[in-house]
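1. Next comes the sequence, and after it the predicted model I'd like to discuss.
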Amino acid sequence: MNKIPSVNLADFLSGDEQRKQKFVNEIGHAYENIGFVALKGHFLDDALVDNLYEEIRKFFELPTEIKQKYEIPGIGGQRGYVSFGKESAKGKKEGDLKEFWHFGQYVENNPALEAEYPDNVEVKELPEFNEVGKKTYKMLEETAKYVLRSLAIHLDLEETYFDEYIKNGNSILRPIHYPPILEEPDNAVRAAAHGDINLITLLMGAQGKGLQVQNHEGDWIDAMAEPDELMINVGDMLSRHSNNKLKSTIHRVTNPPRELWGTSRFSIPFFMHPISDMKLDVLDSCIDKNNPKQFDDITAGEFLDERLQELGLTK
Ligand SMILES: O=C(O)CCC(=O)C(=O)O
Ligand SMILES: [Fe+2]
């Protein structure tokens, strides 16, 4: 596959059984091959998106001393600010050329989860930033719920199988700023090759060049979305749970050519995580003679802890 397929969530939500099944087949086929789709028909509107980008720009333009006030020790960067160069891809020593922010879950009616998750961090200088982050979080979470419903059908599960695990789940909205490149970066890149940790990722900001995805043949292909599309990919948790039937595909963000070093890139992934108690044990429906169980049993919480250590975010 040399191109990321495009699908439309309106088909799934149309109320027409044939269109719904067409969406399930298209996304299922794409995720068994390239692991990525570009999705139209999501729940974000243009005004919200414009407002979010404006606030994010304002935040990253704040002086470093102010941004660093929001870098909270001891929580593995799971909320608030993570400064430039802190995160490196699994197995790589150079830090990625990026700084980012994390909005986490807005827990409703669940004191145990409220106690488990770190508190969201509020930027005092930019009240709108906090508001628009929360609204976007909720819209992407709602979009992701229906994408997971379609995948549940594809995996021969109850349509609502994932619902109980993603309600108040440990998802994260991560606005990323890749600043202008000021000097020859040696071995560092904007985002080194990696697979995402979570169930699925919904990415805003894949309109410009930069994101590349590795296909079965090992070739890197450009992953670019239309203005009204989100890029959505399978993460390692879902790949494990489905016995690698759904593919968590390695991807990266390359440095721009030298004449464009002076430009920033802004992108905003929403990493859809379940609650930490969810068992990622391989689903029975994904095991057969030709595809025996490939992964040990593990919970989402245990898996996340392992991976945060490998990224250099926790010890
Ligand atoms: O910036 C991008 O386009 C992709 C970022 C990404 O893959 C990630 O943060 O996991
Ligand atoms: Fe990623």
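-> Yes, it's here. Because the structure is predicted, anything quoted here is derived from the model rather than measured. Ligands and ions are numbered 1, 2, ... in the order given.
2. Next secondary structure element downstream of the longest helix seen in the chain?
-> The longest helix of the chain (DSSP state H) is helix 127-154. Remark: after helix 127-154, the chain's next helix or strand is helix 163-166, criterion DSSP states H and E.
3. which strands and helices sit next to that next one?
-> Counting contacts by 3 or more C-beta pairs under 8 Å, 6 or more residues apart in numbering; DSSP states H and E, helix 163-166 packs against helix 127-154. Bear in mind the C-beta positions are built from the backbone N, C-alpha and C, glycine included.
4. Give me the mean pLDDT for the helix it packs on.
-> The pLDDT scores in helix 127-154 average 98.
5. Then stretch 23-31?
-> Computed over stretch 23-31, the average pLDDT equals 98.
6. Tell me which residues of that stretch come out buried.
-> Of all the residues in stretch 23-31, those buried under the rule 16 or more other C-beta atoms under 10 Å are F23, V24, E26, I27, G28, A30, Y31.
7. on that earlier part again, what about the longest helix of the chain, distance to the chain center?
-> Distance, stretch centre to chain centre, for helix 127-154: 11 Å (C-alpha atoms, centre = their mean, to the nearest Å).
8. How about stretch 178-193?
-> Between the centre of stretch 178-193 and the centre of its chain there are 21 Å (C-alpha atoms, centre = their mean).
9. start at 148 instead
-> Noted, 148 is the first residue going forward, which turns the last one into stretch 325-340.
10. Please enumerate residues in contact with that stretch?
-> 207, 231-232, 235-236, 239, 241-246, 357, 361, 397-403, 408-414 (C-beta atoms under 8 Å, 6 or more residues apart in numbering).
11. is it up against ligand 1 anywhere?
-> Yes: applying C-beta under 6 Å from any ligand atom, one finds that stretch 325-340 is in contact with ligand 1 at A338.
12. before we move on, back to that, looking at the contacts of stretch 325-340, which are in helices?
-> Filtering the contacts of stretch 325-340 for helices - DSSP H - leaves F207.
13. What's the ChimeraX syntax to select whichever of the contacts of stretch 325-340 are buried?
-> Applying 16+ other C-beta under 10 Å to the contacts of stretch 325-340, the buried members can be selected in ChimeraX as follows:
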select :207,231,235,236,239,242,243,244,245,246,357,361,397,398,399,400,401,402,403,412,413,414
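14. Would you agree H249 falls within a strand?
-> Yes: using DSSP: H, G, I helix; E, B strand; the rest coil, the assignment for H249 is a strand.
15. Please look at it and G223 and confirm they touch.
-> No: counting by C-beta atoms under 8 Å, H249 stays clear of G223, with 9.9 Å between them.
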